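S.K.: what's the 3D shape of this:
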Amino acid sequence: MASILAFRVFPSFRKKLGHRPGFGGRVVCNLGGENSTVLHSDSVSVKGESVIKETEKIGSSIAGGNGHVGSIGGGKKRGKEVDSEELEVLWDDGYGSASMKDYLDIAKEMIKPDGGPPRWFSPVECGRPLKGSPLLLFLPGMDGVGLGLIMHHKALGKVFEVQCLHIPVNDRTPFEGLVDFVERVVREKHASSPNKPIYLVGDSFGGSLALAVAARNPMVDLVLILANPATSLERGQLKPFFPILEALPDELHNTVPYLLSFVMGEPVKMAMVNVDKKLPPSPMLRQLSKNLTDLLPRLSVISDLIPKDALLWKLKLLKSAAAYANSRLHAVKAEVLVLASLKDNMLPSEDEAKRLSGLLKNCKVRTFKENGHTLLLEDGINLLTVIKATGKYRRSRRMDYITDFVPPSFSEFKTGFDQYSGWLNYYTSPVLFSTLEDGKIVQGLSGVPSEGPVIYVGYHMLMGLEISGLAEGFLREKKILVRGLAHPALFGSNSSNNELSYFDYIKVFGAVPVTASNFFKLLSTKSHILLYPGGAREALHYRLVLDYNDLMKIPVLNERVRQSADESGRVRNGDEGEVANENLFFPGLLPKIPGRFYYLFGKPIETQGREELLSDKKSAEELYSQIKSEVSSNIDYLLKKREDDPYRNIIDRTIYRLASTPAKDVPSFTP
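M.R.: A predicted model of the protein is given here:
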């Protein structure tokens, strides 16, 4: 299965839309490093030095920017507002720099009794968010510490104003009091920024709290991210043990944390967070073993998090929260994303996710088959990636695919091209060629403009499988993100309950629905745009083992294919004949040994100063003919030159890789 990809390149307009972020305020606390100290209600410290003295009453609010103190309701600013830079492609999101071990180390300091009430804090690791970023309130689980997002602080802090709820161990605020506390912040923020969404990330118990707040505030634009919500407590695996836990003698209570540690999460998943998955098996297992060994002595912290009197109170709080939230689910109007672990040994999270999706009007579900109850503290879950991939990130009432887009981070690049499309790029060994100004063809992308806007017009191969090799090549060589114009079916209502897929990562890496307005916005922001005029009818062409016509002859199956095509929407309603054919279907294919992918980018066509193309149909047709002719010539060139490639055969490429360099460096023909 060899593929020939020929492209025309179009530099175009010179305008750019964008914004520069900024904020103000003061540092609240540092949640990293050995010198992190306890968060008191009357004195907050950073690296051992007190930086503010401010008593926090129940109902007070801290949300002036990440790592800063300020008022939510539009009060007086505490410091000069400073703009931060826009995120670059392949930015560092810090994923893997913190783990469960860090959570336990810092929690040990934060739970020291101070007699204070619940309060908000903003981790310094979150840094400064982009200007216009929405507020994200983290509502913790049964522990109440508020460190459940420790693995995600740096990433979330770039695009959210992150505030975490801390409920002291000895606090006895009833559930409705906690609802009032969170609700007050939500209403103040909504009053000051009515057109911005407010995110509530609820972990276990925090999920019930988030639903309760949403039910009482249906007119507020809320986005709920619920990780294994405790609304299923009455059906939970631990419920039969509640009477035993309540009657357990004091001298045996110290064993409870160790027992809970085996059901709270997946230990291996916790320990794998910062393990290099590319290591050979032996050193990788040594690194995993060390992490597990480091975790064991820290489990005693759990007994400090939930001493016996606190455990009894928290069990009562959990019951109140589940009953309160479940009785008001009908009033929830917010967007909801439920993240459910299939190995949750505390709650029936998979079944609860299905139940909530059936009861809530605007609810998506994603399941994670290898994770336990402490989902957000386990390996393989990058919360910001999940939010982006499911289309939940926005800065205003309606998501804008261009202005709300967050460039992929380096960890997303590694995950996307190693886990989801790495196998394809490994076996097809993509090789890219481009054309210089003098017409010379060279290997690499030196002939492609580095500054946008640029339009790449190409031809799909079967299933559009060529996209990943092209996107990875641009990111590796030029650090350029190519924004693809994709069929709207990829962005419709996704009923899939599975983990993130290849199609989700297409969105993470910048694909947008193909519309005229999106096309114009991308040009205005100096983007590099990938356009396939042939669209779905090229990627899903006929002449297959089972094409669309064949599938439509099969009873029962034909109705499902027809329904799927109708639900996906159409982008060529005004066209007729073959051009209008864009029926979406999954074709019947026979396995085939993959060939090599070849890409050739033609000499750029400069359109600046050629305004006649917009009004003169004849000039436009002449340009179209030129493009068509050059694309055809490029395809002919690659068909001929690939015969000279000494590593065109997969066996030759495999032998070469085993003997020398990685797949992406396998040589090809000399242009």
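S.K.: for the stretch 51-200 of the chain, which segments count as strands?
M.R.: 82-83, 119-121, 135-139, 161-166, 198-203 (DSSP state E, counting those that start in this stretch).
S.K.: so for the first one, mean pLDDT?
M.R.: The one in question is strand 82-83. Mean pLDDT, strand 82-83: 40.
S.K.: ditto for the second one
M.R.: In this model, strand 119-121 has a mean pLDDT of 96.
S.K.: can you redo the strands of the stretch 51-200 of the chain as CSV with distance to R328 and mean neighbour count?
M.R.: From N, CA and C alone the C-beta is placed, and that goes for glycine too. Formatted as CSV, these follow (distance: least, C-beta to C-beta, whole Å; neighbours: other C-beta atoms under 10 Å):
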stretch, distance to R328, mean neighbour count
strand 82-83, 41, 12
strand 119-121, 24, 25
strand 135-139, 16, 26
strand 161-166, 20, 26
strand 198-203, 14, 27
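S.K.: pick out the residue nearest the middle of this protein.
M.R.: Centroid-nearest residue in the chain, with C-alpha atoms, centre = their mean: T385, separated by 1.3 Å.
S.K.: make sure it is indeed in a strand.
M.R.: No - per DSSP: H, G, I helix; E, B strand; the rest coil, T385 lies outside any strand segment and is helix.
S.K.: looking at the strands of the stretch 51-200 of the chain, which is nearest to Y393?
M.R.: strand 198-203 (9.0 Å; C-beta to C-beta).
S.K.: and the angle for whichever helix or strand comes after the closest one with strand 198-203?
M.R.: The element immediately downstream of strand 198-203 (helix or strand, assigned by DSSP states H and E) is helix 205-216. Angle, helix 205-216 to strand 198-203, by axes from the mean of the first three to the mean of the last three C-alpha atoms, to 10 degrees: 140 degrees.
S.K.: returning to that earlier point: look up the closest residue to the residue nearest to the centre of the chain, ignoring the ones flanking it.
M.R.: E412 (5.6 Å; C-beta to C-beta, 6 or more residues apart in numbering).
S.K.: surely the one you found meets V89?
M.R.: No - counting by C-beta atoms under 8 Å, no contact exists between E412 and V89, whose distance comes to 10.3 Å.
S.K.: the more surrounded of those two?
M.R.: Remark: of E412 and V89, E412 carries more neighbours, 24 against 17, as counted by other C-beta atoms under 10 Å.
S.K.: only the buried residues of the host helix or strand of that one, if you could.
M.R.: Assigned by DSSP H and E, E412 falls within helix 410-415. Residues 411-415 are the ones in helix 410-415 that count as buried (16 or more other C-beta atoms under 10 Å).
S.K.: list the helices and strands it packs on?
M.R.: Packing contacts for helix 410-415, counted by 3 or more C-beta pairs under 8 Å, 6 or more residues apart in numbering; DSSP states H and E, involve helix 502-508.
S.K.: which other helices and strands does the helix it packs on contact?
M.R.: So helix 502-508, by 3+ C-beta pairs under 8 Å, 6+ apart, packs with helix 383-389, helix 410-415.
S.K.: check the offset of whichever helix in the chain runs longest from the chain's centre.
M.R.: Determined from DSSP state H, the single longest helix within the chain is helix 617-641. Relative to the centre of its chain, helix 617-641 is centred 38 Å away, using C-alpha atoms, centre = their mean, to the nearest Å.
S.K.: mind giving me the packing neighbours of that helix?
M.R.: strand 3-11, strand 597-601, helix 612-615.
S.K.: which stretches in the stretch 401-550 of the chain count as strands?
M.R.: Under DSSP E, counting those that start in this stretch, the stretch 401-550 of the chain gives strands at 431-435, 441-443, 454-457, 482-486, 512-513, 528-531.
S.K.: export the ones you listed to a markdown table and tack on mean neighbour count, mean pLDDT and distance to V124?
M.R.: Formatted as a markdown table, these follow (neighbours: other C-beta atoms under 10 Å; pLDDT from 0 to 100; distance: least, C-beta to C-beta, whole Å):
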| stretch | mean neighbour count | mean pLDDT | distance to V124 |
| --- | --- | --- | --- |
| strand 431-435 | 24 | 95 | 42 |
| strand 441-443 | 15 | 95 | 46 |
| strand 454-457 | 22 | 92 | 39 |
| strand 482-486 | 23 | 91 | 33 |
| strand 512-513 | 20 | 92 | 34 |
| strand 528-531 | 22 | 93 | 35 |
